[in-house]
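S.K.: the following comprises the amino acid sequence and a computationally predicted model.
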Amino acid sequence: MQLCDLGEEAVPDYLNFLVSGAVEHQDDLDKEIAEHLKNKWTVQRLSRIDRSILRIGLFEMENSLEVPKKVAIDEAIEMAGEFGDKDSKSFVNGILSNFVEG
């Protein structure tokens with residue numbers, strides 16, 4: 001585990017992998033997400049919570065060998081339900097589901 005900058009609380013390595021990966025690949029992830037937005041919406045118009053959850057979920061889907069894509073989507077939906085607004089769960093599900101074949 002790695003220590004986070006917010007004190008002495010340990011941050012799990014996998015969480016560090018997801019967050020640092022999403023930050024490092026933010027531009028590429030945003031381009032992929034933007035391709036699935038409708039009605040001239042941009043990634044920047046999304047709420048910060050939805051935008052962050054989509055980036056982390058998509059990064060996990062594309063880069064984790066341990067977590068199946070559908071599990072990554074379920075985790076993102078769970079986060080959206082806890083931290084987003086009333087429409088976040090269905091929105092995150094709709095966008096991330098576009099990245100699963102079949």
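M.R.: Structure received.
S.K.: low-confidence ranges in the protein?
M.R.: The chain contains residues with pLDDT under 70 at 1-8, 102.
S.K.: can you map out the helices along it?
M.R.: Residue ranges of the helices in the chain, as given by DSSP state H, are 13-24, 26-34, 48-63, 69-83, 88-97.
S.K.: distance to W41 and mean neighbour count added to these, as a markdown table?
M.R.: Yep, even glycine has a C-beta here, placed from its N, CA and C like the rest. Putting the helices of the chain into a markdown table (distance: least, C-beta to C-beta, whole Å; neighbours: other C-beta atoms under 10 Å) gives the following:
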| stretch | distance to W41 | mean neighbour count |
| --- | --- | --- |
| helix 13-24 | 20 | 15 |
| helix 26-34 | 8 | 15 |
| helix 48-63 | 11 | 21 |
| helix 69-83 | 17 | 17 |
| helix 88-97 | 10 | 18 |
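S.K.: now the ones you listed as TSV including distance to K40?
M.R.: Below are the helices of the chain laid out as TSV (distance: least, C-beta to C-beta, whole Å):
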stretch	distance to K40
helix 13-24	25
helix 26-34	11
helix 48-63	17
helix 69-83	23
helix 88-97	16
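S.K.: between those, which one is nearest to T42?
M.R.: Among the helices of the chain, helix 26-34 comes nearest to T42, with 6.5 Å by C-beta to C-beta.
S.K.: by contact count, what packs against that closest one?
M.R.: For helix 26-34, the packing partners by 3 or more C-beta pairs under 8 Å, 6 or more residues apart in numbering; DSSP states H and E come out as helix 48-63.
S.K.: dump the helix it packs on to PDB, keeping only the CA atoms.
M.R.: Output of helix 48-63 as PDB, limited to C-alpha atoms (Å, rounded to 0.1, in the frame of the first residue of the first chain):
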ATOM      1  CA  ARG A  48     -17.400  16.500 -12.000                       C
ATOM      2  CA  ILE A  49     -18.600  13.400 -10.300                       C
ATOM      3  CA  ASP A  50     -20.000  11.700 -13.500                       C
ATOM      4  CA  ARG A  51     -16.900  12.700 -15.400                       C
ATOM      5  CA  SER A  52     -14.500  11.300 -12.800                       C
ATOM      6  CA  ILE A  53     -16.500   8.000 -12.500                       C
ATOM      7  CA  LEU A  54     -16.600   7.600 -16.300                       C
ATOM      8  CA  ARG A  55     -12.900   8.100 -16.600                       C
ATOM      9  CA  ILE A  56     -12.000   5.700 -13.800                       C
ATOM     10  CA  GLY A  57     -14.600   3.100 -15.000                       C
ATOM     11  CA  LEU A  58     -13.300   3.300 -18.600                       C
ATOM     12  CA  PHE A  59      -9.700   3.100 -17.500                       C
ATOM     13  CA  GLU A  60     -10.400   0.000 -15.400                       C
ATOM     14  CA  MET A  61     -12.300  -1.600 -18.300                       C
ATOM     15  CA  GLU A  62      -9.400  -1.000 -20.700                       C
ATOM     16  CA  ASN A  63      -6.500  -1.700 -18.300                       C
END
